[in-house]
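Novice: Fold the following, please.
(2 chains)
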Amino acid sequence: MNAKAHIRVRGLTMAYGGFVLMRGLNFDINHGDIFVIMGGSGCGKSTLMKILIGLKPPAAGEVFIDDVNFWRLDESRRSDIMKHIGVTYQNGALWSAMTLAENVALPLEEHTTLSARQIHELVSYKLSLVGLAGFEDYYPAEISGGMRKRAGLARAIALDPEIVFFDEPSAGLDPISSRSLDDLILEIRESLGTTVVLVTHELPSIFAIATNSVFLDPDSRTMIASGDPHRLLAESTNSKVRLFLTRGEKNV
Amino acid sequence: MSKTPPTAATGLPESGHSAPDPAITGRPADDGVLRVQISGTWKMGRRLPDFSQMEKLAGETAARRLTFDARDLTGWDSVLLAFLLKADESCRRNGIHMDSGGLPGGVRRLLALATAVPAKKDARQESRRYGLFYRVGDKTSLFFQSARETLTFIGEVCAALMRLLRGRARFRSHDLGFFILQCGAQALPIVSLISLLVGLILAFVGAVQLSLFGAQIYVADLVGIAMVRVMGAVMAGIIMAGRTGAAFAAQLGSMQINEEIDALQTLGISPVEYLVLPRMLALALMMPLLAVYADLLGILGGLVVGVGMLDINLTTYLDQTHHAVRLVDFWVGLFTAAVFGVLVSLAGCLRGMQCGRDSAAVGRATTSAVVTGIVAIIIATAVITISCNMIGLG
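Specialist: Coordinates of the predicted model:
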């Protein structure tokens, strides 16, 4: 397959204890892709993301990030790679005891030698990127769910990561906020050249921004399609994939 | 799909008592068809016919088919659907075909919706009964698993502590200050109250016995040694287990639920260094101070009883205490308190980090943190007392 792939997944099996969730996953995420992990509820999308971001070891198989075998590394080397990965969690997962500015500043304080003043400037810049300029001193509990997601994004891109992961970015957002988050994701990919990986099942978002995807099927416990979702919609002969991408309209 | 609400079938007032009572009557026929008449107002709060009546009708007629006549049905809500669903299930079991044609349109559609997806066989969790060996084995493996988790956690904390000593562990000094305030100064009122009362109680109990021999003055020895050597630290420890250990578990548990701990890990920040170390250091530093404070308050409590009730002179009482309590008692008490600080904070943080991802799990984590903390305190007291005895510090 593609030698320049940013992330390569080979023969991956995910399991909780003895319960195998998915097996035989093989796919590539290229540089600059907006890659969607899709599938029905409970098929293991979030678990796959946890494996890719280093939170849960796979039961079998390999994950290569820039040709480095991610899960074969010792913990400190893996942690070094994780610094180049930004993650936006479903509900933001902001540290509730800190203000937005402190949330965004923490990764910078931990991993860079910047002065407090430089960090302050960077934090203001990142918050203004996500449309939260002026909210530096607010606590996560004082802002809305959509703002929390955006603040989570500001924290995820604090260190200018090479890959940004999103867990259900548009879940619980109104259509307009959801759309503007999509635009924001596109903008970040365009301007920073970041590879973006999304876990989602929001069809409008998928067709608006995704360039590549993998489709997980809980019944057969493996992936049943991968590639550009537009192409999948046009060409796939698999009824499950078609049903998903057409929102259950069987006669399309 | 129709959006007809179940109660929209009639315009009758809600549970009007003038409405006819719900009833079923069956007319068995020779052609193997059981025709059931449903009449009255089937609404919540009304006296419904017993389901066994239905079964009896079906049993009497040996019917192969079941039809309904709902002409006299004057009102219905979900209770009718629940009844029909039960009938449907029973029909399926006995190989009877249930024809819902005679029911109102809304009822038919809701019934069709409810039976559209058959119950998933393995989804329903039955309370299976396991044999004795299974349960013993299960508990044993759970015990070893939890022991391994605990040891791993302690190992991680030790490693983080080593990094701290080499100046490589990182946490915000602001956090440390906050926790010191939380488990130091803010705990003073409750520690004051409890240790003053413990001092009073010790003196009372002692006075009753000692005054039998006219040896009231030794109340000062009793209270002084007991408080300084062990009770000050134990009381402060138990208070902190209930107060701060529980708080640590709840804080970390809700961070776990909110994925805040995941967020730390993915940013390459060790949760043990960042969250556990400041809490542990704060409590380990503050516990000895709280214990000293508890010692003083306990002695004050004893003094109140001694001077107020036993008519011992104030200076005599203090002098007696001063002679009774040795410096080594004080140091042992201080050391014990520091150990308790480490144990209580470890128990709280361990349970918080182990917390599951639902809100009931936070409750379990908090309870477990307090229980673990208090058990650890009692065991540590026993170990320290026996060890001191063996090395001659008794």
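Novice: In contact with whatever residue of the stretch 201-350 of chain B ends up closest to chain A, which residues?
Specialist: Nearest residue of the stretch 201-350 of chain B to chain A (Cβ to the nearest Cβ) works out as B:Glu259 at 3.8 Å. Any C-beta I mention is one placed from the backbone N, CA and C, and that applies to glycine too. With contact set as Cβ atoms under 8 Å, 6 or more residues apart in numbering or on different chains, B:Glu259 has these partners: A:89-91, A:93.
Novice: Select from those residues the one having the most neighbours.
Specialist: Neighbour counts for these (other Cβ atoms under 10 Å in any protein chain shown) peak at A:Ala93, which has 27 neighbours.
Novice: Just the pLDDT for that residue.
Specialist: At A:Ala93, the model reports a pLDDT of 90.
Novice: where does it land in three-state SS?
Specialist: Following DSSP: H, G, I helix; E, B strand; the rest coil, we place A:Ala93 in the coil state.
Novice: Next up, the contacts around it.
Specialist: Applying Cβ under 8 Å, 6+ apart, the residues near A:Ala93 are A:152, B:258-260, B:262-263.
Novice: Skip the chain neighbours and tell me the closest residue to it.
Specialist: Nearest residue to A:Ala93, sequence neighbours excluded (Cβ to Cβ, 6 or more residues apart in numbering or on different chains): B:Glu259, at 3.8 Å.
Novice: So for that neighbour, what pLDDT did the model give?
Specialist: If you check B:Glu259, the pLDDT there is 90.
Novice: Give me the distance between it and A:Glu110.
Specialist: From B:Glu259 over to A:Glu110 the distance is 18 Å, taken as Cβ to Cβ, to the nearest Å.
Novice: so how far does stretch B:262-274 reach from one end to the other?
Specialist: Terminal residues of stretch B:262-274 lie 13 Å apart, using Cα to Cα, to the nearest Å.
Novice: can you tell if it touches chain A?
Specialist: Yes: Stretch B:262-274 comes into contact with chain A (Cβ under 8 Å from any Cβ of the partner chain), by way of B:262-269.
Novice: Residues touching the host helix or strand of B:Gly224, excluding its own?
Specialist: Secondary structure from DSSP states H and E places B:Gly224 in helix B:219-226. Residues outside helix B:219-226 that contact it (Cβ under 8 Å, 6+ apart) are B:199, B:202-203, B:206-207, B:210, B:298-299, B:301-303, B:305-306, B:310, B:312, B:317-318, B:320-321, B:324-325, B:329.
Novice: What about these, which are in helices?
Specialist: B:199, B:202-203, B:206-207, B:210, B:298-299, B:301-303, B:305-306, B:317-318, B:320-321, B:324, B:329 (DSSP state H).
Novice: restrict these to those near chain A?
Specialist: Residues of the ones in helices among the contacts of helix B:219-226 in contact with chain A (Cβ under 8 Å from any Cβ): none.
Novice: Pull the most distant pair out of the contacts of B:Glu259.
Specialist: Pairwise distances across the contacts of B:Glu259 peak at 7.7 Å for A:Gln90 and A:Ala93 (criterion: Cβ to Cβ).
Novice: Would you tell me which helix is longest in chain B?
Specialist: Using DSSP H, we find that the single longest helix of chain B is helix B:132-165.
Novice: which outside residues touch whatever helix or strand comes next after that helix?
Specialist: Proceeding N to C from helix B:132-165, the next assigned helix or strand is helix B:173-183, under DSSP H and E. With contacts defined as Cβ under 8 Å, 6+ apart, helix B:173-183 is touched by B:240, B:243-244, B:247, B:278-279, B:281-283, B:285-286.
Novice: same thing but 6 Å
Specialist: The contact list for helix B:173-183 (Cβ atoms under 6 Å, 6 or more residues apart in numbering or on different chains) reads B:244, B:278-279, B:282-283, B:286.
Novice: cool, stretch A:235-252 as well?
Specialist: The contact list for stretch A:235-252 (Cβ under 6 Å, 6+ apart) reads A:215, A:217, A:224-225, A:232-233.
Novice: tell me which of the residues you listed is nearest to chain B?
Specialist: For the contacts of stretch A:235-252, the nearest to chain B is A:Asp217 (17.4 Å; Cβ to the nearest Cβ).
Novice: List the contacts of the closest one.
Specialist: Here A:Asp217 is in contact with A:224, A:240 (Cβ under 6 Å, 6+ apart).
Novice: redo that, cut-off 10 Å
Specialist: A:22, A:39-40, A:43, A:223-225, A:238, A:240-241, A:244 (Cβ atoms under 10 Å, 6 or more residues apart in numbering or on different chains).
Novice: Tabulate these (JSON lines), appending secondary structure, neighbour count and distance to A:Lys4.
Specialist: Formatted as JSON lines, these follow (DSSP: H, G, I helix; E, B strand; the rest coil; neighbours: other Cβ atoms under 10 Å in any protein chain shown; distance: Cβ to Cβ, whole Å):
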{"residue": "A:Met22", "secondary structure": "strand", "neighbour count": "25", "distance to A:Lys4": "26"}
{"residue": "A:Gly39", "secondary structure": "strand", "neighbour count": "25", "distance to A:Lys4": "26"}
{"residue": "A:Gly40", "secondary structure": "coil", "neighbour count": "15", "distance to A:Lys4": "31"}
{"residue": "A:Cys43", "secondary structure": "coil", "neighbour count": "21", "distance to A:Lys4": "29"}
{"residue": "A:Met223", "secondary structure": "strand", "neighbour count": "23", "distance to A:Lys4": "21"}
{"residue": "A:Ile224", "secondary structure": "strand", "neighbour count": "16", "distance to A:Lys4": "26"}
{"residue": "A:Ala225", "secondary structure": "strand", "neighbour count": "24", "distance to A:Lys4": "22"}
{"residue": "A:Asn238", "secondary structure": "coil", "neighbour count": "13", "distance to A:Lys4": "28"}
{"residue": "A:Lys240", "secondary structure": "helix", "neighbour count": "17", "distance to A:Lys4": "30"}
{"residue": "A:Val241", "secondary structure": "helix", "neighbour count": "21", "distance to A:Lys4": "26"}
{"residue": "A:Phe244", "secondary structure": "helix", "neighbour count": "24", "distance to A:Lys4": "29"}
